[in-house]
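> I'll drop the sequence and a predicted model, then ask my questions.
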Amino acid sequence: MLASAWLWALLPGRAPLLALLFLALPVPRLARLPPLLGLLVCASLTLATWSEVWHWYRMVVWYDTVHFVTPGAVAAAVHLLLFHCWLLPSPDDVRLHRAAVPWPRLP
């Protein structure tokens with residue numbers, strides 16, 4: 001509780017971002033994602049959140065590469081979650097690969 005009050009006083013307007021981060025961190029573990037993917041999701045979300053809080057995106061020009069890692073990790077995690085709920089086919093399904101990358105027909 002004291003840490004929450006400290007963050008709220010130190011970072012006005014940014015504390016809700018940190019609260020959302022702390023709510024999102026246990027999700028990969030609760031969803032039983034593979035450990036490496038869970039680590040990548042948690043690390044990229046943590047890095048992206050703190051980058052927004054401390055304005056690292058504005059200070060370092062090349063630092064925007066975090067936006068490439070975070071959506072990819074979250075998309076892979078969401079795909080596996082939907083697979084476990086039987087809403088999407090397995091990532092190993094051959095039909096998924098053919099549908100995901102359509103080959104253009106050349107005349």
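Arrived safely, thanks for sending. Residues are numbered from 1 along each chain as shown.
> Quick check: next helix or strand after the helix-or-strand element of the chain with minimal mean pLDDT?
Sorting the helices and strands of the chain by mean pLDDT, DSSP states H and E puts helix 2-10 at the bottom, at a mean of 56. Sequence-wise, the next helix or strand downstream of helix 2-10 (DSSP states H and E) is helix 15-24.
> so who does the residue most central in space within the chain touch?
Taking CA atoms, centre = their mean, the centroid of the chain lies closest to residue 74, which sits 3.5 Å from it. Listed by CB atoms under 8 Å, 6 or more residues apart in numbering, the contact partners of residue 74 are 41, 44, 45. C-beta coordinates here come from the backbone N, C-alpha and C atoms, glycine included.
> What separation do you get for the second one and residue 87?
From residue 44 over to residue 87 the distance is 24 Å, taken as CB to CB, to the nearest Å.
> neighbour count winner among these two?
Legend: neighbour count by other CB atoms under 10 Å for residue 44 and residue 87, higher for residue 44 (19 against 9).
> Tell me which helix or strand the more buried one sits in.
Going by DSSP H and E, residue 44 is in helix 35-53.
> right, and the helix or strand after that helix?
In N-to-C order, the element after helix 35-53 by DSSP H and E is helix 56-59.
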